[in-house]
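Asks: build the 3D model from these lines:
(chains A, B, C and D, ligands or ions: 2)
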Amino acid sequence: MQKSTQITEKSKTKMRYIPNTEKQKEEMLKEIGVSSMGELLKDIPSSVRIKGKLNLPEALSEEELKEKFYTISKKNLDFFSYKPLVGAGAYRHTVPEAVKAIVSREEFYTSYTPYQPEISQGNLQSMFEYQTHISRLTGMEVVVPSIYDGASATAEAVLMALRITHKNKIIVSQLLHPHYKETVGTYTEPHKTEIIQLPYGNGLANIEKLESLADDDTACVVIQSPNFLGGIEDVKQISEIAHKKGALVVQVVAESMSLGLLKFPAEMDVDIVAGEAQSFGMELNFGGPFNGYIASKMKFIRQIPGRMAGETTDKNGKRGFVMTFRAREQDIRREKATSNICSNHALNIVVSNAYLSLMGKVGLRKIAEYNVKAAHYLYDKLLESGKFKSISYPFFNEFMLYAHNESKIEKALIDNKFIPPLRLSTFYPELEGYMLFSVTEIFTKENLDFIANLLGGQMK
Amino acid sequence: MQKSTQITEKSKTKMRYIPNTEKQKEEMLKEIGVSSMGELLKDIPSSVRIKGKLNLPEALSEEELKEKFYTISKKNLDFFSYKPLVGAGAYRHTVPEAVKAIVSREEFYTSYTPYQPEISQGNLQSMFEYQTHISRLTGMEVVVPSIYDGASATAEAVLMALRITHKNKIIVSQLLHPHYKETVGTYTEPHKTEIIQLPYGNGLANIEKLESLADDDTACVVIQSPNFLGGIEDVKQISEIAHKKGALVVQVVAESMSLGLLKFPAEMDVDIVAGEAQSFGMELNFGGPFNGYIASKMKFIRQIPGRMAGETTDKNGKRGFVMTFRAREQDIRREKATSNICSNHALNIVVSNAYLSLMGKVGLRKIAEYNVKAAHYLYDKLLESGKFKSISYPFFNEFMLYAHNESKIEKALIDNKFIPPLRLSTFYPELEGYMLFSVTEIFTKENLDFIANLLGGQMK
Amino acid sequence: MKTIYEKSVKNRTGYSLPKDYFSEENISNIIPGYAFSSKEKELPEVSEVDVIRHFTKLSKLNYGVDDGLYPLGSCTMKYNPKINEKLANLDNFIYAHPFAAEDYVQGSLQIMYELEKALKEITGMVRFTMMPAAGAHGELTGVLIIKKYFEDKGKPRHKMLIPDSAHGTNPASSAMAGFKAIEVKSDERGGVNINELEKLMDEDTAGLMLTNPNTVGLFDENIEKITEIVHSKGGFLYYDGANLNALLGIVRPGDAGFDVVHLNLHKTFSTPHGGGGPGAGVIGVKEELEEFLPSPIVGFDNKRYFFEDPKKSIGRVRAFYANFPVILKAYAWILSLGADGLRNAAETSIINANYVLAKLKKYYKPAYDRTCMHECVLTGREYKEYGVKTLDIAKRLMDYGFHPPTIYFPHFEPYAEETIMIEPTESESKETLNQFIEAMIKIAQEAKTQPEILNEAPHNTPVGRLDEVAAVRNPKLTFKGQLWSLKKLKQQ
Amino acid sequence: MKTIYEKSVKNRTGYSLPKDYFSEENISNIIPGYAFSSKEKELPEVSEVDVIRHFTKLSKLNYGVDDGLYPLGSCTMKYNPKINEKLANLDNFIYAHPFAAEDYVQGSLQIMYELEKALKEITGMVRFTMMPAAGAHGELTGVLIIKKYFEDKGKPRHKMLIPDSAHGTNPASSAMAGFKAIEVKSDERGGVNINELEKLMDEDTAGLMLTNPNTVGLFDENIEKITEIVHSKGGFLYYDGANLNALLGIVRPGDAGFDVVHLNLHKTFSTPHGGGGPGAGVIGVKEELEEFLPSPIVGFDNKRYFFEDPKKSIGRVRAFYANFPVILKAYAWILSLGADGLRNAAETSIINANYVLAKLKKYYKPAYDRTCMHECVLTGREYKEYGVKTLDIAKRLMDYGFHPPTIYFPHFEPYAEETIMIEPTESESKETLNQFIEAMIKIAQEAKTQPEILNEAPHNTPVGRLDEVAAVRNPKLTFKGQLWSLKKLKQQ
Ligand SMILES: Cc1ncc(COP(=O)(O)O)c(C=O)c1O
Ligand SMILES: Cc1ncc(COP(=O)(O)O)c(C=O)c1O
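Replies: Ligands and ions are numbered 1, 2, ... in the order given. Got it, this is the predicted structure:
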């Protein structure tokens, strides 16, 4: 801290975000009935007060600020032009500008939680609509439209399963996104929950092993599909095994775009879906804010965490929406709440609502199909080249390939303005040499031909 | 054009901007009572119809479009980072982001001329407020808040002077912006107006010459101040001379920022101000849209061109605003209107209203002062270096210097991310070797020291 | 609501400035006394918070296309795509200085060049200028080109023919260009009266300014005959492109014999209207007029874009090249639709207008009882007897949540009086049109049964009907406040 | 208004897709039968125009900070600067992939690093994690860190002390972290009851979660005593930073003895609330807790920014590093204010709250009759006898154009019942506060004279008071329409 005696004097700098002038503040102090600012601060023991003044950079004008941040931003890659071949829980899909125009409306982004429904119908109806979208994508009846992200939604879904089953052991697929797995660990750690790993083979969870791992103490089986390698799991079969042992099934959907093409989780007898909606209109933003959701059967509604909207009527019978089943929440139930969650990622509800409305029934399907086609096209091309090896498994828009020389590939790609795929050894030492490719609709066929050529041909 | 027979078939492509589906259109055709689209086109002789189909690039998806335009934009310089030492009628000032947020409200940019005042009070009150701003900057009573730009506003002001005086000869300062001068020429050409050039010397108009040039046939004297060289004219003296001969004085203000610091044109007995408000919140945008304004005395109101707002009341006595003195306009008066202008640059009224409200009384003055200080600082430094020569004249934020080697200077500047000053020989052959420097508040002292060093020191 | 001046508080701040490290030299030593103002100008003093809230409130008193149907006839209030706004705001475009060397603005030049190429294909013209800032500005430019052509030939012409149905800017532009505007009557089918045209067209007449489809929404069936008459006397056919939306991909004005064309990019090509502008009124011409275009125009040698100067240019009509972002947005729109999409837009706009016409003609007698193009012109004549003016009908529509159509334009006798000109554009859905139609029918009933509701309308708007006469009688053109007068300030 | 589903029209299109040049291979050959859905999912079918208008309408049913006073106590609804939105949307930031190599994201890392540096200075803490997505998320992270500390020492503790005035997230977070939440009563001055604290604090107690100023808007005068008590038993003092706005530049929690601090960047640091989020609940700790922070955190070797892993990390609490744009906006705000500006914000917020308190205390009895910090807590108790609930008062405020304050929180006996918690923030001007005060006084009068107006309020809002009980009794959580049910779909 800088030493200075005259702080209150100095704080008289004019600031465009603070309307009241010094003169007004003095008038107000008088009307309050105190002689000085100091009198209002009298409860603060001088021992805990700042002696000097904070040691921060001098205030910047707006233009100085802009120059500073532009300059910093240029220390990043020109990411718009670098299409990522990496996904792994963060997917670059196209985001219609209409979505951005919508969430730039101050009424959406400068408001807060709809505590007062009469002047928050915009947010509330949007929550309700989005709950409907997710319900129609998953087949589930109850949808919590915003948990921070897919990882925390997964952790919350596990806690929910523990509460429902009153058991304290869970089986987690090794192909659950490693960050999600870690988050589940963090959240369950205080409860000393036993976590059993469900091993994998051939790009999918080893379902046979599940038979032997699941027992009557198992609260739930957590299975991600498409899994971290992009593999499409036979969730129904997993549900059958789990349910036989009285365990719930939590399906994690880290790439929600897959819901455009794959069966309803409900149809697979899943009990709780924990999803990440980033693909529905959110930019990558270096990893956040994304938006998690939890969807489940009606019978679990009182154990679900987080805020939901429900339809009701006003005194004249006019339809309106409110936050509902609030008795689960921390502001009412405190330590007995289903979760501590308060602020969530609400603005991204509007984002995904707008996104899914624009894409609609047909569009979402077509994009999902494009993703599948494009990913398989690249996969086939790369294998054809003979430079890569693979095991074969059904996948959505991500796949792994064994690459002889990861760093060469990375260099070739970055030199040609593509962000390289993920080295799987980062998370799976046994997958040394394997890379996880992600291909979405931002890649044209021309792009993929170029990449296939680059990695499969020229490069030695 | 491409040949094709089945156009109407092909036009059935789905398009996200066109809601009605093919099925709906067919239903509507039925309800209209025609058997086909063709029947609605029956008035169009086949001889004038397109035979094939337009030869245009295939429709792009939004993402393809975005990639295309991003790519094209990168063929421009990274202009944000290149501060321009050139102004010459187009000034880079700082634009608060609040201004941009405001004009991004759909209610402003997707509406049209406030023909229906009851649902256009936003635009109308904004016009009224901006008229007030300009009135308080110029001292004039009547303000037309939007003519396309400063050049066309100047031309319209001249036509206005011709109508008021019923004379057909004008005296135009040679230091009127050359583009404005040319525009005045284009607009007056059909009227065979005699245009006399008022010569210059020492960076200012030659006022003595005016005495001899002005006569009883002179409709007006058109004087720009600050002039094209940045020089601050003694407008009052010009007014005296002009008025003695019964001529009006049109003051052109191409750099309206100067109004933050200079006397009211009204105080200089100017009759009509023709201004360019670009400096009040508009980005350069490669030269447009900017926004012209005309301000004059009350007695000329019936000869003024363009749209104005006025205060009135509704039936309950509530204050409201309407477009007023409409009987001057083309939609009512047709060939007898004071101008043909219809759409103008209305959105920029909101821009400048927001800008001037933010800057306010003190801010605008301070910016103007900063401009003066910064420009004179660079001027002094460059002269000190001995590498430049100049004649001395009072200037605002632009000045000319004689440079020994223009192309070396240009290269040094561009290599260091500055857009070089204008070569004055472009417009004034007699000023071969002179360059016109512009310095605004986007230049820090550090920038100017760097430039002074670069051009005055190292460079040989 | 209060004006921004009424929110001003002494010493309140809405700005931020770069640090001023220059010497404390007194500015009054730099600026000559004849020009130096010793006082600040009396602008308001408000904070950024105040400004944002003020303008947010103001915005909510407005109605835009994003709020719903905006069927202003002749204005083509179509949807303004959001992506186009984004692209027009890319940094490399918005910060481009117009005096930067050509090599540094190749991107901007490419956009201008490529839009021109597309417009040439769409209209059948040979060369375009992007300079005019609006339709009327384009008209002036266009007729000046025609004028100069004749002067250049040594045979100046002095008259310009203009149908009675023309927009006011047509005669006004002609007059500004020094032509005598001669009115041509419409015939009973709504087109140009051919006989009269034949009589009026002579060798002192520079040409005819025609809107087609015209302002009653009808395609002039006699277009070939018209062309022939005008051309036979050496005149030019000027195309007012305000209504091109109906013809996209169906007719190219160039093919139909037009020699000069202006396009309102802010109408047909979807760029937003901005509360009254900026738009763009680009002008396309045939070969023989090319050399008269305003200077400069953009050329391309297959490697590099550059400016070039038409040989006998009429000169500039503004300071710089174009309303660049408008140019860009129009091009983005064309690329997003492609040939099929353009035709789809035209056809859908025609279907939409005819649908409204078909549903409403029983209630509001059309100016001409024919199918129409992209807009239909109804009239409110029948309700006069109930003491209801067309204006009342328009005002009442606001209570139903719609922006009213254009009214009292076009106006010419005996066909087009008390007109209601409805242009729904292709952006409107059948459902929206149905709601509008329903409202119009209700209003027709109200006109007969409760005319005073209409006379007093609107009822649900931020202000009621405003007194325009008082505004002229007692002009208040600026906010005065208690304190401000120029004289007082000077005395201080 | 209609839901987007009620606007759906079969085959209507709102999307555009890249050209699909891949072979026409049947997707069902690629995707295994156990997972392949043969049908599209039943989302709505609407155009871009429909969507823009739908959401524009929805937006107008909301109330935001840009619309006016939003005095929600404990939420710090301050102005959200527009420039910060712009900067957070720079392309190089928004398209940055979290798995891009460190060398490619030096800019993003620099922002995180520099914000941390500034926050360390502002709070007096030693190290921060940017990971928590909100305040509650930060709390969980913070208490998990404390928990792990004790476990690591081999002496796990099981209880956490929480004042009765604490926000609901405090006990909820403690419970999630496996602590037993023990309530500490407030004393008659509004602070922590020191005697009780002394009794409750023991060596199985991990610490105390304290909000200071607390939720009745009072600075706990006994802070030094509290610190001493908690520290003397080896416990940690957790700082709930929701109310830091009052202390910017005046007190650093670290100096006041706090060991763990969470900051709500969406409150104190001006990042917008987004209708309920995203915000950020960053956590700062003292030295001894540093090694337990979630992994990774950002380091800098004076040349290059990099991620590093705290040695004994509690592990991740989410997938990636931070809500990056929130981080950026908070930093931009700090840089725009500087040290003096921060202090100015704090002082002005305190003056504003006291001004409201002084003007309203006659009408609404304060929970504690003292001057307050940045928010004041009044009560609506006196109007109960007229049949008016605090809820009625809040609802009536909407009719006067204001967002109501927080009500019924804090809630603890006997001091804080029927509470009205008003936090004006430094963004509000005296004029706005006066308008609010006037409305509150009018409502106080109405409560006595026309209580039914309040009971029935609001009257001028898009919907009237909504039946929350019915929403639970007959839950409608999704739009059903006539056609949709999962079972039906499966059968098709
Ligand atoms: C038929 C017609 N011509 C010309 C114009 C003038 O266009 P602008 O307003 O762009 O100057 C209009 C504008 O409404 C019009 O409708
Ligand atoms: C005192 C206090 N603590 C914690 C929180 C929780 O913060 P968040 O909503 O960001 O999770 C709040 C939020 O309102 C609060 O007021």
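Asks: tell me which element the residue of the stretch 201-350 of chain C found nearest chain B falls in.
Replies: As assessed by CB to the nearest CB, chain B sits closest to residue C:320 within the stretch 201-350 of chain C, at 2.6 Å. (Each C-beta comes from the backbone N, C-alpha and C, glycine too.) For residue C:320, there is no helix or strand it lies in under DSSP states H and E.
Asks: state the distance from it to residue B:90.
Replies: In this view, residue C:320 and residue B:90 are 7 Å apart by CB to CB, to the nearest Å.
Asks: give me the common contacts of those two.
Replies: B:287, B:290, C:98 (CB atoms under 8 Å, 6 or more residues apart in numbering or on different chains).
Asks: let me see the contact set for the second one.
Replies: Read that as residue B:290. B:90, B:148-150, B:276-278, B:282, B:345, B:348, C:319-320.
Asks: near ligand 1, which of the residues you listed show up?
Replies: Contacts with ligand 1 within those, as defined by CB under 6 Å from any ligand atom: none are present.
Asks: show the pLDDT at residue 238.
Replies: Answering for chain A, as no chain was given. We have a pLDDT of 98 for residue A:238.
Asks: the intended chain is chain C.
Replies: Value for residue C:238, per-residue pLDDT: 98.
Asks: help me confirm that it is found in a strand?
Replies: Yes: assessed with DSSP: H, G, I helix; E, B strand; the rest coil, residue C:238 lies in a strand.
Asks: that one and residue B:339: what is the separation?
Replies: Plainly put, residue C:238 is 19 Å away from residue B:339 if you go by CB to CB.
Asks: isn't residue A:25 up against residue D:350?
Replies: No: counting by CB atoms under 8 Å, residue A:25 stays clear of residue D:350, with 10.0 Å between them.
Asks: now do the shared contacts for those two.
Replies: Joint contacts of residue A:25 and residue D:350 (CB under 8 Å, 6+ apart) are residue A:37.
Asks: neighbour count: the two, which is higher?
Replies: Between residue A:25 and residue D:350, counted using other CB atoms under 10 Å in any protein chain shown, residue D:350 has the larger neighbour count: 27 against 21.
Asks: which residue ranges of the stretch 351-492 of chain C form helices?
Replies: Under the criterion DSSP state H, counting those that start in this stretch, the stretch 351-492 of chain C contains helices at C:390-399, C:430-449, C:451-455, C:468-473, C:486-491.
Asks: can you redo these as JSON lines with distance to chain D, mean neighbour count and mean pLDDT?
Replies: Listed next are those as JSON lines, based on distance: least, CB to the nearest CB, whole Å; neighbours: other CB atoms under 10 Å in any protein chain shown; pLDDT from 0 to 100:
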{"stretch": "helix C:390-399", "distance to chain D": "16", "mean neighbour count": "23", "mean pLDDT": "98"}
{"stretch": "helix C:430-449", "distance to chain D": "7", "mean neighbour count": "18", "mean pLDDT": "98"}
{"stretch": "helix C:451-455", "distance to chain D": "22", "mean neighbour count": "17", "mean pLDDT": "98"}
{"stretch": "helix C:468-473", "distance to chain D": "28", "mean neighbour count": "15", "mean pLDDT": "96"}
{"stretch": "helix C:486-491", "distance to chain D": "25", "mean neighbour count": "12", "mean pLDDT": "56"}
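Asks: out of these, which gets nearest to ligand 1?
Replies: helix C:390-399 (16.6 Å; CB to the nearest ligand atom).
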